[in-house]
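Peer 1: Next one to model:
(one chain, ligands or ions: 3)
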Amino acid sequence: MDKTTPNHTQTVSGWAAHDSSGKITPFTFQRRENGANDVTIQILYCGICHTDLHYAKNDWGITMYPVVPGHEIVGVITKVGSNVKGFKEGDRAGVGCLAATCLDCEYCNTHQENYCQQLQFTYNGLFWDGTITYGGYSHMIVADYRYVVHIPEKLNMEGAAPLLCAGITVFSPMKDHGLVESGGKRIGVVGLGGLGHMAVKFGKAFGHHVTVISRSADKEWEAKHRLGADEFIVSSEQKQMEGGKKTMDFILDTVSGQHSLLPLLELLKINGTLFIVGAPSQPLELPAFPLIFGKRSVKGGIIGGIKETQEMLYLCGKHNITCDTELIRPDQINDAMHRLANNDVRYRFVIDIASSSSQPPCSS
Ligand SMILES: NC(=O)c1ccc[n+]([C@@H]2O[C@H](COP(=O)([O-])OP(=O)(O)OC[C@H]3O[C@@H](n4cnc5c(N)ncnc54)[C@H](OP(=O)(O)O)[C@@H]3O)[C@@H](O)[C@H]2O)c1
Ligand SMILES: [Zn+2]
Ligand SMILES: [Zn+2]
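Peer 2: Numbers count the residues shown, from 1 in each chain. Ligands and ions are numbered 1, 2, ... in the order given. Okay, the predicted model is just below:
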């Protein structure tokens with residue numbers, strides 16, 4: 001695997017993890033020239049997704065070091081290739097998890113490119129030219145315009161960045177289950193982190209009754225009073241879990257670590273769905289009985305398609321929905337990751353990339 005090709009002429013400064021300690025340090029690397037289908041984006045903000053932490057620490061055993069994480073990227077377009085449609089210099093743009101897909105399979109042809117078999121990610125992926133992709137913990141990115149979205153003027157850039165992954169990952173299953181167009185369902189959200197807090201915001205904006213299921217009792221006040229959740233269940237409280245049994249139509253499980261599915265399945269009504277988006281490194285045990293006796297389903301999904309991501313961003317513009325963020329400088333990434341691992345963030349760290357003045361945005 002090549003790290004660069006001859007057209008990788010642009011030197012970019014960023015931040016990378018080099019081994020499974022996950023420690024992030026400054027890292028200079030090469031990106032490709034802006035091709036005919038590409039836009040170049042000067043990155044302003046990048047969210048820290050728990051997936052970045054999984055990759056930095058090689059939790060899933062698939063990390064290609066050095067890894068430059070970051071797939072919640074927003075910035076301003078500085079260059080536009082000759083084939084690019086719909087974007088111009090100066091536009092506010094976003095890049096999420098997708099860097100490349102085949103563009104011609106049944107999934108690519110139906111705006112579900114996130115399920116393309118040839119899907120390559122924004123970092124730790126292999127681009128069409130065979131080079132390893134590097135993500136948004138950097139000053140500049142070159143992206144194929146077919147995986148780039150517009151950020152509505154109404155949204156602040158910092159709060160919009162995590163929509164590119166956390167937002168779309170919970171929006172897509174909600175849309176798939178008819179929860180965006182009409183309200184009135186009872187929705188559970190398991191794990192109140194980056195993904196979970198967005199699920200609560202969407203659930204309320206779309207008119208549902210939302211219950212947070214959390215292991216952190218200290219998140220209850222905020223969940224109810226700031227995010228608007230209707231109910232809060234502390235998962236370790238047997239009585240509260242009992243009270244929630246068979247009350248929910250749909251549960252989104254955003255938990256990043258090991259946990260038991262049985263008590264969550266029992267919260268579902270007959271015919272309810274448990275939708276898993278969290279990605280623990282070890283398999284979760286799936287008990288048959290709550291499925292059999294409740295005609296319940298367990299499903300999973302990865303992010304969403306680009307068209308859907310754009311639709312979500314426009315909806316967020318309309319409802320003025322952004323993520324709750326804590327802004328950090330690049331030299332605070334390690335501290336932020338440590339706090340993320342310890343469940344100490346409300347609810348997404350976002351890196352103020354432009355605050356790092358030690359180098360120009362990019363140079364040739
Ligand atoms: N499917 C996809 O496309 C996709 C996209 C993005 C991220 N992900 C994955 O989704 C997961 C969540 O990402 P995130 O960025 O939202 O992470 P996060 O901000 O760390 O939130 C995860 C939340 O889950 C709960 N939790 C964590 N470990 C737990 C455990 N062992 N048992 C019970 N609850 C636990 C905590 O909430 P409480 O304190 O409320 O319990 C925590 O705040 C990660 O695994 C990430 O890789 C998947
Ligand atoms: Zn992510
Ligand atoms: Zn495809």
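Peer 1: Just give me the neighbour total for the residue in the stretch 201-350 of the chain that ligand 3 sits nearest to.
Peer 2: In the stretch 201-350 of the chain, the residue found nearest to ligand 3 is residue 305; the distance is 10.9 Å by Cβ to the ion. Where you see a C-beta, it was placed from the backbone N, CA and C, and this is true even at glycine. Neighbour count of residue 305, defined by other Cβ atoms under 10 Å: 21.
Peer 1: list the contacts for it?
Peer 2: Residues near residue 305 by Cβ atoms under 8 Å, 6 or more residues apart in numbering: 111, 112, 113, 114, 172.
Peer 1: Format those residues as TSV; extra columns: distance to residue 206.
Peer 2: Formatted as TSV, these follow (distance: Cβ to Cβ, whole Å):
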residue	distance to residue 206
111	20
112	21
113	24
114	21
172	13
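Peer 1: List buried members of those residues by neighbour count.
Peer 2: By neighbour count, with 16 or more other Cβ atoms under 10 Å, these hold 112, 113, 114, 172 as buried.
Peer 1: Check the spacing between the first one and ligand 3 real quick.
Peer 2: The one in question is residue 112. As judged by Cβ to the ion, to the nearest Å, residue 112 and ligand 3 stand 9 Å apart.
Peer 1: Same question for the last one.
Peer 2: Separation of residue 172 from ligand 3 (Cβ to the ion): 17 Å.
Peer 1: my read: residue 280 touches residue 253, true?
Peer 2: No - here residue 280 does not reach residue 253: they are 9.9 Å apart, not a contact under Cβ atoms under 8 Å.
Peer 1: Can you get me a residue count around residue 338?
Peer 2: 12.
Peer 1: show me the contacts for residue 190.
Peer 2: Counted by Cβ under 8 Å, 6+ apart, residue 190 has contacts 196, 213, 214, 235, 251, 252, 253, 254, 255, 259, 264, 278.
Peer 1: Which members of the residues you listed are positioned in helices?
Peer 2: 196, 264 (DSSP state H).
Peer 1: which of the contacts of residue 190 has the most neighbours?
Peer 2: residue 252 (31 neighbours).
Peer 1: So which residues on this structure come close to ligand 3?
Peer 2: Residues of the chain lying close to ligand 3 by Cβ under 5 Å from the ion are 101, 102, 105, 108, 116.
Peer 1: hmm, back to that, CSV for the contacts of residue 305, including distance to ligand 1 and secondary structure?
Peer 2: Shown next, in CSV, are the contacts of residue 305 (distance: Cβ to the nearest ligand atom, whole Å; DSSP: H, G, I helix; E, B strand; the rest coil):
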residue, distance to ligand 1, secondary structure
111, 16, coil
112, 13, coil
113, 13, helix
114, 8, helix
172, 8, helix
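Peer 1: Give the burial count for the one residue in the stretch 251-364 of the chain that gets nearest to ligand 1, as a bare number.
Peer 2: Nearest residue of the stretch 251-364 of the chain to ligand 1, counting by Cβ to the nearest ligand atom: residue 257, 2.7 Å away. The tally of other residues near residue 257 (other Cβ under 10 Å) stands at 15.
Peer 1: for it, what are its contacts?
Peer 2: Per Cβ under 8 Å, 6+ apart, neighbours of residue 257: residue 280.
Peer 1: That one in helix, strand or coil?
Peer 2: For residue 257, the secondary-structure state derived from DSSP: H, G, I helix; E, B strand; the rest coil is coil.
Peer 1: again, but for residue 171
Peer 2: helix.
Peer 1: For it, which non-adjacent residue is closest in space?
Peer 2: residue 312 (4.5 Å; Cβ to Cβ, 6 or more residues apart in numbering).
Peer 1: Give me the phi and psi angles of the one you found.
Peer 2: The phi and psi values for residue 312, taken as degrees, to the nearest 10, are phi -60, psi -40.
Peer 1: Could you count how many residues lie near it?
Peer 2: 25.
Peer 1: Taking this protein, what residue is nearest to ligand 1?
Peer 2: Counting by Cβ to the nearest ligand atom, the chain gets nearest ligand 1 through residue 193, at 1.8 Å.
Peer 1: give the contact list for that residue.
Peer 2: With Cβ under 8 Å, 6+ apart, residue 193 has these contacts: 50, 254, 256, 343, 345, 347.
Peer 1: Ok, residue 309 next?
Peer 2: 96, 149, 164, 168, 303.
Peer 1: Apply 6 Å and report the result again.
Peer 2: With contact taken as Cβ atoms under 6 Å, 6 or more residues apart in numbering, residue 309 is in contact with 149, 168.
Peer 1: anything in the helix or strand hosting it near ligand 2?
Peer 2: For residue 309, the host element (DSSP states H and E) is helix 306-319. No - counting by Cβ under 5 Å from the ion, ligand 2 has no neighbours in helix 306-319; the shortest distance is 12.4 Å.
Peer 1: any chance you could map the helices in the stretch 201-350 of the chain?
Peer 2: Taking DSSP state H, counting those that start in this stretch to define them, one finds helices in the stretch 201-350 of the chain at 220-225, 238-243, 262-267, 289-292, 306-319, 333-341.
Peer 1: what's the farthest-apart pair in the residues of the chain next to ligand 3?
Peer 2: 101 and 105 (7.9 Å; Cβ to Cβ).
Peer 1: Contacts only, for the closest residue to residue 72 other than its chain neighbours.
Peer 2: Leaving aside its sequence neighbours, residue 72 sits nearest to residue 47 (Cβ to Cβ, 6+ apart; 3.1 Å). Shown in contact with residue 47 (Cβ under 6 Å, 6+ apart): 72, 161, 162, 348, 350.
Peer 1: any idea of the pLDDT on residue 47?
Peer 2: For residue 47, the pLDDT comes out at 98.
Peer 1: Can you name the residues bridging to it?
Peer 2: Residues in a beta bridge with residue 47, per DSSP bridges, are residue 350.
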